[in-house]
Structure formats: C-alpha cells, structure tokens
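> Turn this into a structure:
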Amino acid sequence: MKIDNSRIEEIAVDTVNAYISERTRRVSGKLEKADTGISVDGEIIFYLEAERKISTFGGTIPVQVKGKRVDSISEITSVFRKFDIETYRNFLKLDGVLVFLVEEMFDKGLIFEKQIFFKYLDVIELVEIINELSQSGNTYKSLIFNRLDTEIDFDQVVDEIHVTRRSMSASLAVYKA
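Next comes the predicted model:
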C-alpha cells in the first residue's frame, strides 16, 4: 500500500516529539510537522537542571527530522542518503544540526513499528562532507545513524552535543574566514 511521504514525515516528527517529552528531563522539543523552513524542522531547547525556567536555560540545538519507510527495523544503525550539498551548507551555517531518522514499518496502511535513530553533524564533519561532495561531484552523501534506545540517557547526549557546539565555534570562524 502506498504511504504518502508527508504522512511518513508527520509520524517521524510526532515520534521524536513524544520521545523528548517522555524520555528526557532537561530537554524540550519545538519541532513542527509539515515545516517549510530552510533545512531544519525546529530545535530542541535544553536546560541545565530538571526545573525548566529562564535561569536554567542552557541553549538550543537545531533539529532536522526525517522519516523512512522500511520493511524491517534496523538493529543498531540506519543509513540515510537524501541530503544534498546545499542542505549540508545550511547545516554548517547553523553550526551543526542534530538529525533524527525514524524508521517506520506499516501494515495495511497503519503504523506497525517505529524506531528512532540519531546523528549529530558537527562543524568539522559538515566541512568534510561538503569538501567530499564538491570534489567528487556526487549529489548525496550517505550518513549512518545510531539507534536511540531507552537505555540511552538523551539528556547526556544533549550535554555532549552542547560541549561540542561550544568548542566548534572557533573552527567555524576559521572555515568562514
């Protein structure tokens, strides 16, 4: 049965929003369905403490969410290959992007099973991807995403991304110069 791409994307965004609401203590999602923004679907807001208030605000991280219809859910990693060089350039302008990939299995047109995978694209990796695509003439670059299981402390993942983003600012300034 044919499943519309917009429905696949909506399910993906709903899945990520639900995960953030249910499985984090210090992260809040602002992700939109049917988003028409440039290269991202929104952002996550993270706090330094579980009490989410102005004085504990830690920052934001741009987020892109993609859905992928599959026949079976991947065990450990998933591959996605549909970002072009302009999308990577936009991710670089944002100082990196957290990308969620949601694998979705359907049965008779209804969602049967789904699994979230994630990857943070930092400045250095984005520069490498852009250079590789520019030199090779290829249109797309495959990315490998890690499975987001319930055992993973996603608050800790966000903390690590925050540290990486802070340390990459100098690298970005050098690249743009």
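
> Put the alpha carbons of stretch 67-74 into PDB.
Provided in PDB are the C-alpha atoms of stretch 67-74 (Å, rounded to 0.1, in the frame of the first residue of the first chain):
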ATOM      1  CA  GLY A  67      11.100   9.500   8.200                       C
ATOM      2  CA  LYS A  68      11.900   6.400   6.300                       C
ATOM      3  CA  ARG A  69       9.600   3.600   5.400                       C
ATOM      4  CA  VAL A  70      11.200   0.200   5.900                       C
ATOM      5  CA  ASP A  71      10.400  -3.500   5.600                       C
ATOM      6  CA  SER A  72      12.200  -4.200   8.800                       C
ATOM      7  CA  ILE A  73      13.700  -2.100  11.600                       C
ATOM      8  CA  SER A  74      17.500  -1.800  11.700                       C
END
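
> Touching that stretch from outside, list them.
Residues outside stretch 67-74 that contact it (Cβ atoms under 8 Å, 6 or more residues apart in numbering) are 3, 5, 8-12, 78, 80, 101-106, 113-115, 117, 147. The way it works is simple: take the backbone N, C-alpha and C, and place the C-beta from them, glycine included.

> helix, strand or coil for Y120?
Under the three-state scheme (DSSP: H, G, I helix; E, B strand; the rest coil), Y120 adopts strand.

> can you count the residues close to it?
For Y120, the tally of surrounding residues (other Cβ atoms under 10 Å) stands at 17.

> Check S134 too.
10.

> got the phi/psi numbers for the nearest residue to it once chain neighbours are set aside?
Once flanking residues are discounted, S134 sits nearest to I85: 6.9 Å by Cβ to Cβ, 6 or more residues apart in numbering. With angles defined as degrees, to the nearest 10, I85 sits at phi -60, psi -40.

> and the residue in the chain sticking out farthest from the centre, what does it touch?
Residue farthest from the centre of the chain, counting by Cα atoms, centre = their mean, is K108 at 28.3 Å. K108 makes contact with M1, according to Cβ under 8 Å, 6+ apart.

> circling back: from the contacts of stretch 67-74, which ones fall inside helices?
5, 8-12 (DSSP state H).

> buried ones in stretch 16-25?
16-17, 19-20, 23-24 (16 or more other Cβ atoms under 10 Å).

> what does stretch 43-58 give?
So stretch 43-58, judged by 16+ other Cβ under 10 Å, has buried residues 43-47.

> Just these: which are in strands?
Residues of the buried residues of stretch 43-58 located in strands (DSSP state E): 43-47.

> Done for today, thanks.
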